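Undergrad: Build me a model:
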Amino acid sequence: MTEPAPTFAAGPAGPAGPAGTAGSVGTVETQYLNLPRPVRLDCGRELHPVRVAYETYGALSPRRDNVILVCHALSGDAHAAGFAKTPPPESTRDGFAAEDRDGVAGKGLGWWDGMIGPGKAFDTDRFFVVSTNLLGGCRGTTGPSSADPATGRPYGADFPVITVADMVRTERAFLDELGIERLAAVAGGSLGGMQAFEWAILFPDQVDAVVAIASTHALQPQGVAWNAIAREAIMRDPAWQGGHYYGTGRTPEAGLGVARMVGHVTYLSGLALGDKFGRRLQFADDLRYTITEPEFAVESYLRHQADSFVKRFDANTYLYTSRALTYFDLARQYGGGSLERALAGVEARTLLIAFSSDWLYPPSSSGEVAGALGALGKPVEFHVIEAPYGHDCFLLEEARQTPIIREFLGNEFLGERPS
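TA: Below you'll find the predicted structure:
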């Protein structure tokens, strides 16, 4: 069966409130596209069928040269901007200070809504922005919870191990179906930035610019260790059942919740935790002498984060995406151990933004990328923003990133404005 051609217009303006205010892309609905051909994976397997969940914002120019692909981090999805036509029960904007920032409207807002829209960093008056749920996801794109055509049951742990490069090749195949050959930019934070680097290396003649925020060329050993602990928490939960828990009535919510707690702490800085929580007690003026219940505000906060996360995310997707994060190493993959050799073929202009308090993806990692590109004579900008919130700064410090990104994307952009 031939699928209908994808539609490229953003949705109409939403109701009064965050989705209908100036600068919003309005109400949007996630779309789905089935790839016609198998995706070849680094592990040696082929995956087919593959469905991709995606959203688009803005209008495609007549020359199709104003496209920005936005790539999400570990727990994100295709809903990057605007207000979801059908708001989910739990928002992807569930990180540090999300409730203070979003209020009751947060559940329907895209995870990078402050960055995508008219007049924003990724300006939809100029650019056609595309956001997909990555390969291995649980928010519409094929992943471990999808049906295995060989059995008719969810893949579970039979899903092939994937890499960041596999995610990018899937995005390339998806864009081929949309008739988009070249990208004005690929942008993302954290794992999204890793995908942007992969794009610049795998498809150097198809990417004009890279915007990599709070990202790295390879996760530091401490980051690898924390990811290992998170995965162990899931796999040691008896309800994980070797990864085949779908349809059993038992899911590894306890393990996934602990994994989210571990991950969430790594996304923050000690200063941010101290400023927000200190050693404040949550429920009483004095200790209650309990082992099982939270005493401190920070403990209660982490439990809340865990409870919210398990309602919207699949444990196996967490395992597979976390593993892809730890495998990512540009120097090993493409340079025989040399980052400079790995980046030698990059043709895109590159913007790197890091945050002073991010110890998980430290500024030094972005500095190493900037140094390698600079040594090669490649055009690169590197900015370190002084901010206290740790890795989560890429989601929280939108106002300070916006002028940097707007200026960078304004330089040398020759695409037509959409008519």
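
Undergrad: now the residue of the chain most remote from its centre: how far from Glu295?
TA: In the chain, Asp286 marks the outermost C-alpha relative to the chain mean, sitting 40.5 Å out by Cα atoms, centre = their mean. From Asp286 across to Glu295, the span is 10 Å (Cβ to Cβ, to the nearest Å). Every residue, glycine included, has its C-beta placed from N, CA and C.

Undergrad: all helices for the chain, in order.
TA: Using DSSP state H, the helices of the chain run over 98-102, 164-177, 191-202, 221-235, 253-266, 270-276, 297-310, 315-327, 330-334, 339-342, 363-375, 393-396, 398-410.

Undergrad: The nearest residue to Tyr155 once chain neighbours are set aside: neighbour count?
TA: Excluding its sequence neighbours, the residue lying closest to Tyr155 (Cβ to Cβ, 6 or more residues apart in numbering) is Asp148, at 4.6 Å. The number of residues packed near Asp148 is 13, by other Cβ atoms under 10 Å.

Undergrad: ok, now which ones touch Asp148?
TA: Pro154, Tyr155, Asp158, Phe159 (Cβ atoms under 8 Å, 6 or more residues apart in numbering).

Undergrad: Just give the number of residues close to Gly336.
TA: 9.

Undergrad: do the same with Thr402
TA: For Thr402, the count of nearby residues is 17 (other Cβ under 10 Å).

Undergrad: pretty sure it contacts Trp112?
TA: No - using Cβ atoms under 8 Å, Thr402 makes no contact with Trp112, being 11.4 Å away.

Undergrad: picking up where we left off before, the helices of the chain: which one's closest to Val130?
TA: Closest approach to Val130 among those (Cβ to Cβ): helix 164-177, 7.4 Å.

Undergrad: which residues touch Arg37?
TA: Residues near Arg37 by Cβ under 8 Å, 6+ apart: His48, Ala173.

Undergrad: repeat that for 6 Å
TA: Listed by Cβ atoms under 6 Å, 6 or more residues apart in numbering, the contact set of Arg37 is empty.

Undergrad: do Arg260 as well
TA: Arg260 touches Gln305, Ala306, Phe309, counting by Cβ under 6 Å, 6+ apart.

Undergrad: Leaving out the residues flanking it, which one is nearest to the first one?
TA: Once flanking residues are discounted, Gln305 sits nearest to His264: 5.2 Å by Cβ to Cβ, 6+ apart.

Undergrad: Ok, the last one next?
TA: Distances taken as Cβ to Cβ, 6+ apart put Arg260 closest to Phe309, at 4.2 Å, once the chain neighbours are dropped.

Undergrad: Quick check: that neighbour vs Ser190, distance?
TA: As for Arg260, its distance to Ser190 is 15 Å (criterion: Cβ to Cβ).

Undergrad: from the contacts of Arg260, which is closest to His391?
TA: Proximity of the contacts of Arg260 to His391 (Cβ to Cβ) peaks at Gln305, which lies at 14.4 Å.

Undergrad: Isn't the closest one up against Gly263?
TA: No - the pair Gln305 and Gly263 does not pass the contact test of Cβ atoms under 6 Å, sitting 9.2 Å apart.

Undergrad: Can you check the distance spanned by stretch 259-276, start to finish?
TA: Using Cα to Cα, to the nearest Å, one end of stretch 259-276 lies 22 Å from the other.

Undergrad: List the buried residues of that stretch.
TA: The neighbour-count check on stretch 259-276 (16 or more other Cβ atoms under 10 Å) flags 259-269, 272-273, 276 as buried.

Undergrad: Tell me how many other residues surround Ala184.
TA: Ala184: 22 neighbours (other Cβ under 10 Å).

Undergrad: now swap in Phe159 and tell me
TA: So Phe159, with other Cβ under 10 Å, has 22 neighbours.
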